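S.K.: I would like to see how this sequence folds:
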Amino acid sequence: MKTAIWLYLFMFIAFFDLHAQFPILSPFAISLGATPSFIGLIMGMYSLTHIPGNILAGYGVDRYGSKYFIIFSLIIAGVLLVIQSSVTNPWQLLTIRSISGFILAFLSPACLSLLAKIAKDQIHQGKLMAGNGLVHTLASIVSPAAGALLVAKVGYTVAFSLLGWVLIITGIMAFWGIQNIKTTNIQNTTKHSQPLTTIDDHKIPWLFYILPLALSCSQGILFFELPLIPLSRNSIMASGLLFSIVSLGALCTLSLLFLNRISPFLRTVSGCLLLAMIFFDMALHQLFPLTISLFIIGMAKGIIYPAMATYLTHMSSASKYGRIFAVLSIAMSLGAFIGPVIAGQIRDVLSPYFIAFIFLFIALSMLPYPKRFSILTSRKT
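M.R.: From the prediction side, this is the model:
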């Protein structure tokens, strides 16, 4: 449990640092002379370069453990942020963000794999994944507004430098705070638990990964659009608050701990369906005001992401955790690349939110249905 507490602390700091950049990156790029389509490319390349990093992370984490990948990602990402503070044109920013995308690709598979391995049983595993989502959400509630306020007070150069040094110090602290775990406790307690499904030989259908791709694509579209709407253009603080509303919605559902006992498959489907309908409404500008829509999007995210992570661990053996979370990260990285690029190209002729709706519904229609599942994720015998 000590490892989990330290891991949550380092993840909170890292997520806080990274989410603080969301509302300020687009205005910073504009200040350097970037066009909306080039901003989409900057955001997309950050995600695209995740893919080779995810591939290396998957096999590396399974073979060498998570500790040094976490330390490496945090320290190098911090150094790159310090360098980013002194860029003078959009192409330099694109280069730095592309390298950052590769480096930070190691962080998520390493953290999720370590969390999954320290669990005592499947219910505990689900709680740890929900805890990861909760830490992520708490950090993202305050960080966008904090990042915007920091820029308003000290400017882009000092803000990026400070955020970079926070990551560097966190990485150094992780050297003593995190211990590698080679095997999972669940291997010793399987007789007390029941698996989610009976998929043969722990094989996860490839069609499953279309869903995280579509989810990430929709989130990339949202994160591209929010800083460019008239309200955000007039105030960086307003942009930061809009991102925080999404996180408050996620906190709402993550706080409902009883949801962890519902089938991850059911949670994933219901959350994605809710998310798709909200994007459809935003595309038509009809039912809900923007703040309500963003809050509901956050609620859906709070349901979906812990459920997806738990779903994967229930369908895989512990020796493959690094690889399955790497493939998950690859799918999400690819979606995060596609989303902003498409949004930057079509936003003058079609609402990008409609594309997010279409992608989500296609992914839901292709989601593999487990042959057997129970309402509870697992039960004690």
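S.K.: From the chain's centroid, how far away is stretch 277-290?
M.R.: On the basis of CA atoms, centre = their mean, to the nearest Å, stretch 277-290 sits 23 Å off its chain's mean C-alpha point.
S.K.: no no, stretch 67-85
M.R.: 18 Å.
S.K.: For it, the averaged confidence score.
M.R.: Throughout stretch 67-85, pLDDT has a mean value of 89.
S.K.: Low-confidence stretches in this structure?
M.R.: Scanning the chain with the threshold set as pLDDT under 70 gives 1-2, 119-123, 125-126, 130, 180-203, 231-236, 316-319, 369-381.
S.K.: If you count contacts, what does the biggest helix by length in it end up packed against?
M.R.: Longest helix in the chain, counting residues (DSSP state H): helix 122-177. Applying 3 or more CB pairs under 8 Å, 6 or more residues apart in numbering; DSSP states H and E, one finds that helix 122-177 contacts helix 2-19, helix 22-31, helix 67-84, helix 107-117, helix 236-254, helix 290-314. C-betas here are computed from N, CA, C, even on glycine.
S.K.: what angle sits between the helix or strand just after it and helix 236-254?
M.R.: Using DSSP states H and E, the helix or strand that follows helix 122-177 in sequence is helix 210-225. Orientation of helix 210-225 against helix 236-254 (axes from the mean of the first three to the mean of the last three CA atoms, to 10 degrees) gives an angle of 150 degrees.
S.K.: can I assume Cys111 is in contact with Phe69?
M.R.: No - contact criterion CB atoms under 8 Å: Cys111 and Phe69 do not qualify, at 9.1 Å.
S.K.: Just give the number of residues close to Val349.
M.R.: 6 (other CB atoms under 10 Å).
S.K.: again with Leu207
M.R.: 11.
S.K.: And for the one 5 residues further on?
M.R.: Using other CB under 10 Å, Pro212 is surrounded by 24 other residues.
S.K.: could you check the distance from it over to Leu114?
M.R.: Separation of Pro212 from Leu114 (CB to CB, to the nearest Å): 20 Å.
S.K.: what do you get for Trp91?
M.R.: Counting by CB to CB - Trp91 and Leu114 are separated by 37 Å.
S.K.: got a list of what Thr157 touches?
M.R.: Going by CB atoms under 8 Å, 6 or more residues apart in numbering, Thr157 touches Ser85, Ser86.
S.K.: hang on, I meant Met366
M.R.: Listed by CB under 8 Å, 6+ apart, the contact set of Met366 reads Leu207, Ile210, Leu211.
S.K.: hmm, try it at 10 Å
M.R.: Pro205, Leu207, Phe208, Ile210, Leu211, Ala214 (CB atoms under 10 Å, 6 or more residues apart in numbering).
S.K.: just Ile330 next, same as before
M.R.: Contacts of Ile330 by CB under 10 Å, 6+ apart are 50-55, 57-58, 105, 109, 209, 212-213.
S.K.: redo that, cut-off 7 Å
M.R.: Ile330 is in contact with Ile51, Asn54, Ile55, counting by CB atoms under 7 Å, 6 or more residues apart in numbering.
S.K.: which SSE is it in?
M.R.: If you go by DSSP H and E, Ile330 is part of helix 321-346.
S.K.: quick one: buried residues of that helix?
M.R.: For helix 321-346, the neighbour count (16 or more other CB atoms under 10 Å) marks 321-344 as buried.
S.K.: Then stretch 207-214?
M.R.: Residues of stretch 207-214 classed as buried: Phe208, Tyr209, Ile210, Leu211, Pro212, Leu213, Ala214 (neighbour count, 16+ other CB under 10 Å).
S.K.: how distant is it from the center of its chain?
M.R.: Mean-position distance between stretch 207-214 and its chain equals 14 Å (CA atoms, centre = their mean).
S.K.: Same question for stretch 168-183.
M.R.: From the chain centre to the centre of stretch 168-183 is a distance of 21 Å (CA atoms, centre = their mean).
S.K.: can you list the residues that contact it?
M.R.: Residues contacting stretch 168-183 (CB under 7 Å, 6+ apart): 3, 6-7, 10, 13-14, 65-67, 70-71, 74-75, 78-79, 114, 117-118, 318.
S.K.: same question, stretch 35-52
M.R.: Residues from elsewhere that reach stretch 35-52 (CB under 7 Å, 6+ apart): 26, 29, 34, 90, 93-94, 97-98, 100-102, 105, 220, 224, 228, 329-330, 333-334, 336-337, 340-341, 343-345.
S.K.: Kindly recompute the last result at 8 Å.
M.R.: 25-26, 29-30, 34, 90, 93-94, 97-102, 104-105, 216, 220, 223-224, 228, 329-330, 332-345, 347.
S.K.: That'll do, ta.
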